[in-house]
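Novice: with the sequence up front, the predicted model follows.
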Amino acid sequence: MKVELRPEQFKEHSLLGRLLRRLHIDIPLLIGLLLLLTISFMMLYSTGNKETALLIRQAVRMGVAGGLMVVLAHIDPRQFQRYSIPLYGVGVVLLAAVLLVGDVGKGAQRWLDLGVFRFQPSEMIKITTPMMLAWYLSGHDIPPRWYHIVVATAFILLPTLLIVRQPDLGTSLLVASSGVFVLYFAGISWRFLLSSATGFMAFTPIYWHFFMREYQKDRVLTFLNPEADPMGKGYHIIQSKIAIGSGGVNGKGWQENTQSQLDFLPESSTDFIFAVFAEEFGLVGCIGLLILYLGIIARGFYIAVQAQDTYCRLLAGSLVCTFFVYVFVNIGMVIGILPVVGVPLPLISYGGTSMVTLLAGFGILMSIHTHKKILPS
Amino acid sequence: MRRHQLLKDRFLENRIFLSRTVILFVLLLLLTAGLVSRLVYLQVMGHSKYHNMATHNRVKVSSLPPTRGLIYDKHGHILAQNLPSYSLEITPELVTDMDATLARLQQVLTIPDEKIAAFKKQRRRYKHFDSIPLLLQLTETEVAKFAVVRHTFAGVDIHARLIRHYPYAELTAHVVGYVGRINERELKTISSAEYRAVHSIGKTGVERAYEALLRGHSGYAEIETNAQGKPIRELGKIEPVPGADIYLTLDIDLQGVAYEALADYNGAVVALDIATGGVLVQVSKASFDPNLFVSGISYADYKALNTSKNKPLFDRVLRGQYPPGSTLKPFIGLAGLEYNITNMHQTLFCPGYYQLANKSHKYRDWKKWGHGTVNLDDAITQSCDVYFYDMSLALGIDKLSAFLHRFGFGEKTGIDLKGEKSGLLPSREWKRIHRQQAWYPGETLITGIGQGFTQVTPIQLARATATLAKYGEVVTPYLAERIIYADHAAVITRAPVSDIGLKKSNVQDIMTAMVHVVHSAKGTAKRIAKGINYQIAGKTGTAQVYTVKQDEEYDEAEIEFNMRDHALFIAFAPADNPKIAVAVIAEHGSHGSSVAAPIAAQVIKQYLKAEK
């Protein structure tokens, strides 16, 4: 008795609803994503001095990333499960290749030139790492035994350390957390989570005293307290706080940002775009944006809970949480409560690579949600 | 079986997953609430403050560079200073079309393409609205030329900056070193906060070793500007802390004497103050003008320096490794005395060659017909090789190597400069590891006259000489004596001296022999004894560059200049109360006695004359 599950019963009779279901698209997610992309366009229009070339480039990226999302939504999640190991393996090999032959851009080695286009393997690994872990843990007992945890940790550390070497702190953080989330959802004990966190914290001062050189310590200090370097990273933070604070409760209104237009705020269309948003739309707008993000996350969790097998559940849970990490780390950095690492505001910041990865993740979520079969109970 | 277990655990699994998701979602809500509270703090509580900063006034932060510390010699002569200089600078944010502007600038002033390329490379390092130097050290004419057309170049301006200048140029190029623009590799190891306003970094010599002290600390000013970006007033300022001045032990007049004395020879002269280990003279020749590097050396100049056969960029004092030749004999002689292999009365007949038992190979003496019957004093005075062949064979390589190591051969001297080489002191173990071979007795022989594998740097040779003059109290050479900070002065404390434990009478005997080298009729350096009322203890040396075959004659005239032996000389004076130790290496100078010894003598005479 095979019956298709229809979570969107209320749309059953509309033509659009049927078309979207045929496309394996989840409507609530789609609406949320479209809202974000609209905000992205508005912000880029505002920060980019109304330059249309910038908007067109971003639209092309959205098209490519959206296409990939639809393609992935079409693929049965069991295929992802089947190809988890090779995908992870290829990702790790490419990461190693980047360190050996990669292009240097902005002082770090991240790109692999494939002739036609340049490719960042660290983006791909953001999805294949949780896939690999979900595959590995779903094949064993839930909650996992300690030796499964050890192996899983190795799967996380391998790509993470390769990315740290590039060096790209932001991405390595995202990859590591995506793996840890899988472990968390697989049910590793709270005691284990807490004790490893404690162990990590205990090791930090040892590393600091015995393994770090003076200039490295300097860098970490600037990293943790950017305002100690008012000419460098601190400059971003000071300027972004002025932009955000001057926005007040209601904001200055769309296109009324003064800080980024006068070039006081660097990277206003990429990593620091939230500061411009906060300046233009104020506290009200910020809370609205956060609610939109939380709504997408809630829908993601719903999909994860509804998923039919362990693999899908673990993967979906991890992808949703990683999306939150993006939001939290980016906004936390822009408002000056977290160190400055290069993490964009998801689906709003200008740039193609993170958009492709994020929409690919949502494609997988949609695939998980729209390929369900009723199992014999 | 496994399938069954999975099915069995499905309920447990569902429960775990659901509860974990709920817990996590609550956590995410709390974190989001944290973000919101921070936003409330900035946008509600901080609103009027930030609103004020953003609308009425705009704050710009500009960096204030510290003044780099000066470097003086021991008598207060300036060796490195800062001179004002005009530079052409561009603020990229104020330029609408950079390529067109650069092209037009090239029509007004002569700007080589490589400067344009360097400028474009520099851009990444700078903050928004910083002005970036394009041309440094403009002449008065260039300043005037640009001033006329300045109004047509938005964002381009002339600034006065301080640039480093080395008044003694070639004379101090290696020891004082130079500063240059920060390169990509250095960028990775420096703190960007410290270098925000600083454009150059010590590359070599004292400039590099004491970079952290000389540099000082950048300051910055928060400046209010109006909407057009024009400064209105200063909100806050943190003054830069100037770098410390450094007084060296170097004596620039003496350095000049040594440099001139080397004349056309390439080589090195090192003189140490025996009492302290302070470096009085540190000359490496051929040299170069360090001022070329300060504002970016041109490709042509750099290529010329880099490909010159004289190797002017090579610091021979710290990095030049030469066979010590006979200058090693006093130390080996002392080893013979210390290990009771010989004494001052024991004699040997020198026929001009030496043979190992049952071997036909003849180890030659430099004097073809031999020195006749000699004791240790004669052997040092006349530099008899055969005596040392015989003695070092009796000593054996193990004792020889261990003893020389006590004088610091084969290890870095620990001078307060970077990039020092450690030379090479061969031993049985070294040869086994690096050559995968056993040690042969013949190699002990040639080690005993300072040839073979042994290599020393000029600074090592000077240090060993000073240590000998102090009866085994180890001398560590250093350059920086006093540091003058903005508010106080400090003398650098040195590690306490150690003693290598020598018998005083043995050292006395070797010293006497070294005095005979200069002050006796048969001494190899007797010609430098003229016109002084004190005694110099010294030893000549000749380091082979070219090996003479078994049945060949060494004919100087026939051998090309660059195949000639290096001339060496070590000395200290006055012999009864040593004050200065000198080591000289004149590359391809052929003879220690005629070339190297007079150079050392000039330095010693000048120093002791000035001392009185």
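Specialist: Received the coordinates, thanks. Quantities reported herein were computed from a predicted structural model and do not represent experimental measurements.
Novice: got the contact list for the host helix or strand of residue B:446?
Specialist: Using DSSP states H and E, residue B:446 sits within helix B:441-448. For helix B:441-448, the external contacting residues (Cβ atoms under 8 Å, 6 or more residues apart in numbering or on different chains) are B:332, B:354, B:356, B:359, B:361, B:363, B:388-389, B:391-393, B:395-397, B:400-401, B:426, B:431, B:452-454. Placement of C-beta: from N, CA and C, glycine included.
Novice: again, only using 6 Å
Specialist: Helix B:441-448 has contacts (Cβ atoms under 6 Å, 6 or more residues apart in numbering or on different chains) with B:332, B:356, B:363, B:388-389, B:392-393, B:397, B:452, B:454.
Novice: quick check: buried residues in that helix?
Specialist: Residues of helix B:441-448 classed as buried: B:443-448 (neighbour count, 16 or more other Cβ atoms under 10 Å in any protein chain shown).
Novice: can you tell me which of these is nearest chain A?
Specialist: Nearest to chain A among those is residue B:447, at 39.5 Å by Cβ to the nearest Cβ.
Novice: which stretches of the stretch 101-250 of chain B form strands?
Specialist: Secondary structure of the stretch 101-250 of chain B (DSSP state E, counting those that start in this stretch): strands at B:132-135, B:156-165, B:179-181, B:200-202, B:219-225, B:231-238, B:245-248.
Novice: any chance of these in a markdown table, plus mean pLDDT?
Specialist: A markdown table is the format used below for the strands of the stretch 101-250 of chain B (pLDDT from 0 to 100):
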| stretch | mean pLDDT |
| --- | --- |
| strand B:132-135 | 84 |
| strand B:156-165 | 86 |
| strand B:179-181 | 88 |
| strand B:200-202 | 90 |
| strand B:219-225 | 77 |
| strand B:231-238 | 76 |
| strand B:245-248 | 95 |
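Novice: out of those, nearest to residue A:254?
Specialist: Counting by Cβ to Cβ, residue A:254 lies closest to strand B:219-225 out of the strands of the stretch 101-250 of chain B; the figure is 25.6 Å.
Novice: surely residue B:374 touches residue B:386?
Specialist: No - in this structure residue B:374 lies outside contact range of residue B:386 using Cβ atoms under 6 Å: 8.0 Å.
Novice: anything in contact with each of those two?
Specialist: residue B:350.
Novice: neighbour-wise, which of these two wins?
Specialist: The neighbour comparison of residue B:374 against residue B:386 (other Cβ atoms under 10 Å in any protein chain shown) goes to residue B:386, with 25 against 21.
Novice: break chain B down into its domains, please.
Specialist: Split into domains by automatic domain parsing, chain B comes to B:61-248, B:252-286+B:315-611.
Novice: give me the nearest residue to the closest residue to chain B within the stretch 151-300 of chain A, chain neighbours excluded.
Specialist: Going by Cβ to the nearest Cβ, chain B is nearest to residue A:245 of the stretch 151-300 of chain A, at 2.7 Å. In space, and not counting its chain neighbours, residue A:245 is closest to residue B:50: 2.7 Å by Cβ to Cβ, 6 or more residues apart in numbering or on different chains.
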